[in-house]
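> here you go, sequence then predicted model.
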Amino acid sequence: MLENIDFALVDWSRGQFALTAMFHWLFVPLTLGLAYIIAYMETMYFKTGDPEWKRITKFWMKLFGINFAIGVATGIILEFEFGTNWSNYSWFVGDIFGAPLAIEGIMAFFLESTFIAVMFFGWDKVSKRFHLTATWLTAIGASLSAVWILVANAWMQNPVGTFFNPETARNEMISFWDVFLSETAVNKFVHTITSGFVLAAIFVIGISSWYLIKKRELLLSKRSIVIASVFGLISSVVLIGTGDSSAKEIVKTQPMKFAAMEALYEGQTNAPLVAVGVLGSEYNNENLTPETESDFLFKIEIPSMLSWLAYGNTDSFVAGMKDLIMGNKEHGILSYAEKIRRGHKAQKALIALKEAQKSDPNGPEAEALKAKFRDKDFIDNNVQYFGYGNFYDPDPEKLEKNAFKMVPPISLTFYAFHIMVMLGGLFLLLFVVFLYLVMKDQLHNKKWILWAGVWTIPLAYIASQAGWIVAEVGRQPWVIQDLMPTMKAVTHIDVGSVLTTFILFAVTFVGLFIAEIKIMLKQIKVGPQKKEDPNNV
Amino acid sequence: MEKLRKIVDFYITGFRNLPPWGRTMWAIILIKLFIMFVVLRLFFFPDQLQNNFNSDEERARHVIESITTPGN
């Protein structure tokens, strides 16, 4: 029955959302991280009274302002898209998503509009202490406003703390703390904001390196590199730590994503980690069958590392895509075909409830069906597989085939994951090298290292986007894990209108991006003001 | 009242003394907000469920039908 789905509409809706989200994410990480770097620089000014620190702070604040201005409100388009292109999804999650997004909007508006104004307009107008407080609160406020959207995203990856109300077809929050403090939410928040810190640290190092190459702003550059290297180094350690805890959590909550990240088709004990690899043609999603075999053109593996990464034990069994699709009795893994049948049963119960309510909304049949959705056994065995029901087909052969279509794009997930991890390692090395050389006062002589610092800026953006690709592409076909497949989340509207807005966005975003780059580069070339000018910032 | 006047003055002075790059940024922000809220929101992004159905009951029925039937 999947042949009835308009996949052009699903794909263009996904493309439109991905384009908007990725554009939005060009600005957010720099805002998150640079705010703390600026706050620390201003703290140095506050403590020492050295006007050079003020000059340094104001220079980076200017670049922060440009990034903030171009990026501000780009996330609002995502909310428009929820109502127009993803109306089924918005309805289904309404109560879970509504509260965090409303809190985020209010917090972001009040905190940022108040404290950013003091940051930019308040030099010499408010006390040093108040100005510094405003700068720190801008940084903290930016991170706090990110909490809510990341909590909402985490719930989509691991829907906990909620109850599906069959009468309204909405998920209702039964435990705020289960949603807010789920392992997924905590990992996602810390991993995401520290990735922003790392990106901002690289941004500061890259631009300072350019000044050192040009033999300009030596003191500003060296001081900035010291702060950014330390900040980047600490953030990288936390980033790697939360990457590890994320992996341990994903293997439990989204095992298919985990298998796709490593292109692990057949599960195994002592599973090796593919450090570097090139996938073969067998990994084409269209051709997956029970006969498909693991296919790498080239790979370098670390023995037993994947088992250790997933479970902290080298002997542990890590399920591959085939185990998850076909099931594995020995390891207690239910097949997708069985999950599809169970989900279909939940969907049939929901349809029966609606039919029963037509004749008598509160009759005994309707009440009995409503009670089913509150029954723990039915929830655990059927409702939790609700979305699998959309892959049901009365023909058992087609149903088995549908199960093989429930695999995320393997090569995109695999390469995005490996690019992110490798670049993360490179960034850690970069922070160590820059910190060592700047402390030894040898950095300005090492031109190739300085150029490496400059060219690492685009790599930081690539790593950051790759991280989101792993998170979002890797969870396909789900928009809400196990409950709602992406194909069912979209609104049935004309694909032409989705295409039109896609093109409109692409043109607008490219224009804004060019404006950002041009204005940013111009201000970097201009550099900080030579002496204090009250009209400068 | 005096405090409020001071706050308003603070913002007015801040905007008056914007450097050239700051003015460019504000122009970009205002154009962007106009495109988003006037052009995109009004003409391209209607709230489908809000506009096409009269009650939450109808909306719920529509969503249930969509998520439990084949095709979209």
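Cool, got the structure. The model shown is predicted, which means the values in this text are computed figures rather than measured ones.
> show me the contacts for residue A:473.
A:408-409, A:412-413, A:416 (Cβ atoms under 8 Å, 6 or more residues apart in numbering or on different chains). To be clear about C-beta, it is placed using only N, CA and C from the backbone, and glycine gets the same treatment.
> how about those in TSV, adding neighbour count, distance to chain B and pLDDT?
Below are those laid out as TSV (neighbours: other Cβ atoms under 10 Å in any protein chain shown; distance: Cβ to the nearest Cβ, whole Å; pLDDT from 0 to 100):
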residue	neighbour count	distance to chain B	pLDDT
A:408	23	20	95
A:409	17	20	94
A:412	17	23	95
A:413	27	24	96
A:416	25	27	97
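> nearest to residue B:64 among the residues you listed?
residue A:408 (26.8 Å; Cβ to Cβ).
> excluding its backbone neighbours, what's nearest that closest one?
The shortest distance from residue A:408 to any non-neighbouring residue, by Cβ to Cβ, 6 or more residues apart in numbering or on different chains, is to residue A:476 (4.2 Å).
> just residue A:189 next, same as before
Nearest residue to residue A:189 in three dimensions, chain neighbours excluded: residue A:150, at 4.8 Å (Cβ to Cβ, 6+ apart).
> ok, residue A:140 to chain B distance?
According to Cβ to the nearest Cβ, to the nearest Å, residue A:140 and chain B sit 22 Å apart.
> chain center to the one helix or strand in chain B whose mean pLDDT sits lowest, what's the gap?
Lowest mean confidence among the helices and strands of chain B (mean pLDDT, DSSP states H and E): helix B:48-52, at a mean of 82. When distances are taken as Cα atoms, centre = their mean, to the nearest Å, helix B:48-52 is centred 18 Å away from the chain's centroid.
> read off the pLDDT value for residue A:528.
You'll see residue A:528 listed with a pLDDT of 89.
> now do the phi/psi pair for residue 19.
No chain specified, so I'll use chain A. Main-chain torsions, residue A:19, degrees, to the nearest 10: phi -60, psi -50.
> actually it's chain B I care about, not the one you picked
Dihedral angles (degrees, to the nearest 10) for residue B:19: phi -70, psi 170.
> could you measure it against chain A, distance?
Residue B:19 is 6 Å from chain A, by Cβ to the nearest Cβ.
> what's the closest non-adjacent residue to residue A:357?
Nearest non-adjacent residue to residue A:357 (Cβ to Cβ, 6+ apart): residue A:366, at 4.9 Å.
> my read: that neighbour touches residue A:358, true?
No. The pair residue A:366 / residue A:358 is not scored as a contact, 9.2 Å apart, by Cβ atoms under 8 Å.
> contacting residues for residue A:103?
residue A:148.
> nope, residue A:97 is what I was after
Residue A:97 touches A:82, A:90, A:152, A:155, counting by Cβ under 8 Å, 6+ apart.
> quick revisit: so of the contacts of residue A:473, which ones are in helices?
A:412-413, A:416 (DSSP state H).
> and which of the residues you listed is nearest residue A:260?
residue A:413 (4.2 Å).
> may I see the buried residues of stretch A:207-216?
A:207-212 (16 or more other Cβ atoms under 10 Å in any protein chain shown).
> dump the residue contacts of residue A:294.
Residue A:294 neighbours (Cβ under 8 Å, 6+ apart): A:263-266, A:282, A:320.
> buried ones among those residues?
By 16+ other Cβ under 10 Å, those give A:263-265, A:282, A:320 as buried.
> columns secondary structure on top of these, output as CSV?
Output for those, formatted as CSV (DSSP: H, G, I helix; E, B strand; the rest coil):
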residue, secondary structure
A:263, coil
A:264, coil
A:265, coil
A:282, helix
A:320, coil
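> per-residue confidence for the residue nearest to residue A:357?
According to the prediction, residue A:366 has pLDDT 87.
> what about it, helix or strand, and which?
helix A:364-372 (DSSP states H and E).
> give the next helix or strand downstream of that helix.
Past helix A:364-372, the next helix or strand by DSSP H and E is helix A:376-381.
> chain center to the following helix or strand past that following helix, what's the gap?
Moving toward the C-terminus from helix A:376-381, the next helix or strand (DSSP H and E) is helix A:396-403. Its chain's C-alpha centre and that of helix A:396-403 lie 32 Å apart, by Cα atoms, centre = their mean.
> and what of stretch A:86-105?
17 Å.
> show me where the stretch 201-350 of chain A has its helices.
For the stretch 201-350 of chain A, the helices defined by DSSP state H, counting those that start in this stretch cover A:218-253, A:255-261, A:305-311, A:321-326, A:336-359.
> I should have written chain B there, sorry.
Secondary structure of chain B (DSSP H): helices at B:2-16, B:20-34, B:48-52, B:56-68.
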